[in-house]
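J.: Let's see this in three dimensions:
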Amino acid sequence: MYQSLFAFLVIFPCVTADAVAILFPRKARQWLDLVSRSGTPLFVSVERKALTPEIRKTLQGALLAASKPTPLGEPLDWMTSATPGEWKLGGERAKFDWS
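T.: Below is the predicted model of the structure:
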C-alpha cells in the first residue's frame with residue numbers, strides 16, 4: 001500500500017486544477033474565488049455568448065488573482081466537513097457557504 005501511495009505522490013507531485021460550473025451562480029462565484037486564490041491552476045472555458053459584462057468582470061478578477069504566485073490554499077475544517085467552508089488563502093482566512 002505504501003509503495004503505491006509513494007508512486008502516486010512521485011508521479012503527481014502537484015495540485016490539480018478544478019472546474020467551475022455556472023449552474024448555480026452564488027456557488028459558482030464562491031468556487032471561482034476559492035480556486036483563483038488557491039495557488040492551483042485555473043482554466044476557464046466560456047461560450048462567448050454567455051459573457052455578460054458582470055461575468056466578464058468577475059472572470060478578469062479571478063484570472064488576475066490566479067496569475068499571481070501564492071501559497072497553496074489550505075482547507076481548515078476538512079476534518080469536520082465534507083465540504084470545507086473555512087480556508088486559508090494567501091495567508092488570510094476565508095469563509096464560504098456551500099449550502
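J.: Distance from the lengthiest helix in the chain to the middle of the chain?
T.: Taking DSSP state H as the criterion, the chain has its longest helix at helix 53-66. Mean-position distance between helix 53-66 and its chain equals 14 Å (C-alpha atoms, centre = their mean, to the nearest Å).
J.: Pull up the pairing partners for the following helix or strand past that helix, direction included.
T.: Using DSSP states H and E, the next helix or strand after helix 53-66 towards the C-terminus is strand 74-75. Paired neighbours of strand 74-75 in the sheet (DSSP bridges): strand 86-89 (antiparallel).
J.: List the buried residues for the strand it pairs with?
T.: Buried residues in strand 86-89, counting neighbours by 16 or more other C-beta atoms under 10 Å, are found at 87, 89. No exception for glycine: its C-beta is placed from N, CA and C like everyone else's.
J.: Equivalent analysis for stretch 38-47, please.
T.: 38-40, 42.
J.: Max pairwise distance over those: which two?
T.: 39 and 42 (10.0 Å; C-beta to C-beta).
J.: Closest to residue 81 out of the buried residues of stretch 38-47?
T.: residue 38 (16.7 Å).
J.: Would you agree that closest one falls within a strand?
T.: No. According to DSSP: H, G, I helix; E, B strand; the rest coil, residue 38 belongs to no strand; its state is coil.
J.: Show the contacting residues for it.
T.: 15, 70, 72-73, 87, 89 (C-beta atoms under 8 Å, 6 or more residues apart in numbering).
J.: give me that answer again for 6 Å
T.: residue 73 (C-beta atoms under 6 Å, 6 or more residues apart in numbering).
J.: ok, so of the buried residues of stretch 38-47, who is nearest residue 28?
T.: residue 42 (13.2 Å).
J.: Go ahead and flag the most central residue of the chain.
T.: Centroid-nearest residue in the chain, with C-alpha atoms, centre = their mean: residue 35, separated by 1.6 Å.
J.: hang on, the earlier thing: give me the packing partners of the longest helix of the chain, helices and strands only.
T.: helix 25-36 (3 or more C-beta pairs under 6 Å, 6 or more residues apart in numbering; DSSP states H and E).
J.: Mean confidence (pLDDT) on the helix it packs on, please.
T.: For helix 25-36, the mean per-residue pLDDT is 87.
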